[in-house]
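Participant: Need the 3D shape of this:
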Amino acid sequence: MVKIIDNFLPEQASTNINDLLTGENFPWYFNNYKSSATIQELFEYQFIHIFYDKDIVNSDHFNSLKPLLNKLNCLSLIRIKANLNPITQTLITYKPHKDKLFKCKVALYYVNTNNGYTMVEGKKIESKNNRIVINFNYF
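Facilitator: Numbers count the residues shown, from 1 in each chain. Next up is the predicted model:
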């Protein structure tokens, strides 16, 4: 089951997260693959920032996500990762993947509006600022 919620956070909380992630001093890290641990096509790369993984806070910016986490009312965290996909002249479609191979709730939060999208269960979900997509099964 997929749930799409627009205007998920109050405007100021959304703006704060947007300003953080799009600010010139936010630390993004190059990742030369997108959905598997092998180097693939030339443009299949992204920049990432891992806020939380393996029961460890991994970022000085973790607390900036508190409004998002509080609203989600999570029982437990598995991973919080931000992806930054650079602009391209043509829209690139990447291979489908599952974030985790076990059943869990997955939330995708969109920081900005752009011409990208996410395919979930055969449904095309447009990238829109302050939108969240929650999959109650798994990706």
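Participant: per-residue confidence averaged over stretch 48-58?
Facilitator: Mean per-residue pLDDT for stretch 48-58: 96.
Participant: If you count neighbours, what's buried in the longest strand belonging to the chain?
Facilitator: In the chain, with assignment by DSSP state E, the single longest strand is strand 46-53. Under the neighbour-count criterion of 16 or more other CB atoms under 10 Å, strand 46-53 has 46, 49-52 buried. Every residue, glycine included, has its C-beta placed from N, CA and C.
Participant: Now do that strand: distance to the chain's middle.
Facilitator: 9 Å (CA atoms, centre = their mean, to the nearest Å).
Participant: residues contacting residue 69?
Facilitator: With contact set as CB atoms under 8 Å, 6 or more residues apart in numbering, residue 69 has these partners: residue 77.
Participant: Confirm it sits in a helix?
Facilitator: Yes - checked against DSSP: H, G, I helix; E, B strand; the rest coil, residue 69 lies within a helix.
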